[in-house]
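Asks: Sequence plus predicted model, see below.
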Amino acid sequence: MLKFDPIVLVPVYNHEHAIGAVVEGVLAQQVACLLVDDGSSPACARILRDLAARHAGRVRLLRLPENQGKGGAVMAGLAAAVTYGHTHVLQIDADGQHDTGHIPQFLALARDNPDAMVCGTPRYDDTVPLGRLVGRYLTHVWVWINTLSFGIRDSMCGLRVYPLASVMALLGEERLGRRMEFDTEVLVHLSWRGIPIVNLATPVTYPADGVSHFQPWHDNLLISRMHARLFFGMLWRLPRLLRRKAGLA
């Protein structure tokens, strides 16, 4: 059997009130944790240092001197995970919206499908803002158009498992957005490359500490530009995508 050595990656930007519970939840699943401090405030940075010191050997801390955005933080964490010798990275958000108790299910699917992306499909409760639901559905439609597939059920869920070999090959060849658009863009590019997508339903609550770094005007503009890039990228890949759908490639 091929080596399977996962680590949990948590990109953190000023979630000092929620991150302690997230780390405790991760460690309860008997898996190593990598915190990426994305240029957080001194108060949050101090808490992250304390967590890494308290759980030395189980929690690693990567400090970025300036805020890179969620995508930049995730990419830095993925690269670090490679240097630590891991084969897979489970990404989870720092605000407590995801159930850490579902981590074993995601890792079990990744172990059984080591070449695949395992993507969370949110099951929302009544805390989800209506505007978020509408925005996500519009993104889903564009993702289905740009992949010619319904294989990615939700491209924005922050709970997912990356096969490091495939995603690092992609990042070495493509320049992806470094902020909120990253989660969607990386999945579309991986789908274009034929990486299998495995979806897993997971509960999502908004958010545990009341902090959201989503900037509606700025981030929606970045996401709109991303969809435009992906659409034109899909057009020149269209013959290959159609051959794949027909089972000819």
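Replies: Nice, thanks for sending it over. Residues are numbered from 1 along each chain as shown.
Asks: For the longest helix along the chain, buried residues please.
Replies: Ordering each helix of the chain by length in residues (DSSP state H) puts helix 216-245 first. Of the residues in helix 216-245, those with enough neighbours to count as buried (16 or more other Cβ atoms under 10 Å) are D219, L222, I223, M226, H227, R229, L230, G233, M234, R237, L241. Yep, even glycine has a C-beta here, placed from its N, CA and C like the rest.
Asks: Now render those residues as a markdown table, adding pLDDT and distance to S149.
Replies: Output for the buried residues of helix 216-245, formatted as a markdown table (pLDDT from 0 to 100; distance: Cβ to Cβ, whole Å):
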| residue | pLDDT | distance to S149 |
| --- | --- | --- |
| D219 | 60 | 25 |
| L222 | 72 | 24 |
| I223 | 77 | 20 |
| M226 | 81 | 18 |
| H227 | 83 | 16 |
| R229 | 87 | 18 |
| L230 | 86 | 13 |
| G233 | 87 | 15 |
| M234 | 88 | 11 |
| R237 | 87 | 12 |
| L241 | 84 | 8 |
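Asks: export the residues you listed to TSV and tack on distance to N199?
Replies: Formatted as TSV, these follow (distance: Cβ to Cβ, whole Å):
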residue	distance to N199
D219	24
L222	25
I223	21
M226	21
H227	21
R229	24
L230	19
G233	23
M234	21
R237	22
L241	20
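Asks: nearest to M156, of the residues you listed?
Replies: When these are ranked by distance to M156 (Cβ to Cβ), I223 comes first, at 9.2 Å.
Asks: Can you report how many residues neighbour the nearest residue to the closest one once chain neighbours are set aside?
Replies: In space, I223 comes closest to E181 once its chain neighbours are excluded; the distance is 4.9 Å by Cβ to Cβ, 6 or more residues apart in numbering. Using other Cβ atoms under 10 Å, E181 has 26 neighbouring residues.
Asks: can you pull out the helices in the chain?
Replies: Using DSSP H, helices in the chain cover 19-27, 42-54, 70-83, 103-112, 130-147, 164-173, 182-192, 216-245.
Asks: tell me the most buried of the ones you listed?
Replies: Ranked by mean neighbour count, those are led by helix 182-192 with a mean of 23 (mean count of other Cβ atoms under 10 Å).
Asks: Can you tell me which of the helices of the chain is nearest to V198?
Replies: Once these are compared by Cβ to Cβ, helix 103-112 is nearest, at 5.5 Å.
Asks: hmm, who's touching the closest one?
Replies: The contact list for helix 103-112 (Cβ atoms under 8 Å, 6 or more residues apart in numbering) reads 4, 6, 8, 25-26, 29, 31, 88, 90, 92, 116, 118, 120, 159-161, 163, 198, 200, 202.
Asks: just to revisit the earlier point, which neighbouring elements make contact with the longest helix of the chain?
Replies: helix 130-147, helix 182-192 (3 or more Cβ pairs under 8 Å, 6 or more residues apart in numbering; DSSP states H and E).
Asks: I'd say W144 and R153 touch.
Replies: No - under the contact definition of Cβ atoms under 8 Å, W144 does not touch R153, with a separation of 9.5 Å.
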